[in-house]
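>>> sequence-free structure coming up:
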C-alpha cells in the first residue's frame, strides 16, 4: 500500500487506458505464485485503492458478482470493509 500511496491514481488509470490501446476492457494481473498465500491479494488491494481514490469498480474476471474494492473475497477478512 505504501507503493500505491506514492502514485497518482488518475495517472495510473490513464496509463491503464493507454496500455489497453482502445480495447473496451483491460486486465490487472498479479505476479505471485498460485501457491503463495498472497496470490490475488495484491491485485485485490490495488482494486480497493482504485475504488477509494477514483470511485471506480474493478471486478475480477470470473468473480464479478463477488464484490469489488475492499469487499473482494480474496482479501483477508481483516482487510475487508
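Right, received. Where do you want to start? Note that the coordinates shown come from a computational prediction; the quantities given were computed from them, not determined experimentally. Residues are numbered from 1 along each chain as shown.

>>> CA atoms for contacts and neighbours, from now on please.
Fine.

>>> What is the burial count for residue 9?
17 (other Cα atoms under 10 Å).

>>> residues in contact with it?
Residue 9 is in contact with 50, 53-54, counting by Cα atoms under 8 Å, 6 or more residues apart in numbering.

>>> What separation is there between it and residue 52?
Residue 9 sits 10 Å away from residue 52, going by Cα to Cα, to the nearest Å.

>>> all helices of the chain, in order?
Shown for the chain, the helices assigned by DSSP state H span residues 2-5, 9-20, 41-54.

>>> Could you list every helix and strand in contact with the longest one?
Okay, so that is helix 41-54. Secondary-structure packing of helix 41-54 (3 or more Cα pairs under 8 Å, 6 or more residues apart in numbering; DSSP states H and E): helix 9-20.

>>> quick check: angle from the helix it packs on to helix 41-54?
120 degrees (axes from the mean of the first three to the mean of the last three Cα atoms, to 10 degrees).

>>> buried stuff in helix 9-20?
residue 9 (16 or more other Cα atoms under 10 Å).

>>> rewinding a little: let me have the helices of the chain in CSV, adding distance to residue 72 and mean pLDDT as columns.
Formatted as CSV, those follow (distance: least, Cα to Cα, whole Å; pLDDT from 0 to 100):
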stretch, distance to residue 72, mean pLDDT
helix 2-5, 18, 86
helix 9-20, 19, 93
helix 41-54, 7, 84
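
>>> Could you dump those helices into JSON lines and include distance to residue 74?
Formatted as JSON lines, the helices of the chain follow (distance: least, Cα to Cα, whole Å):
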{"stretch": "helix 2-5", "distance to residue 74": "19"}
{"stretch": "helix 9-20", "distance to residue 74": "22"}
{"stretch": "helix 41-54", "distance to residue 74": "6"}
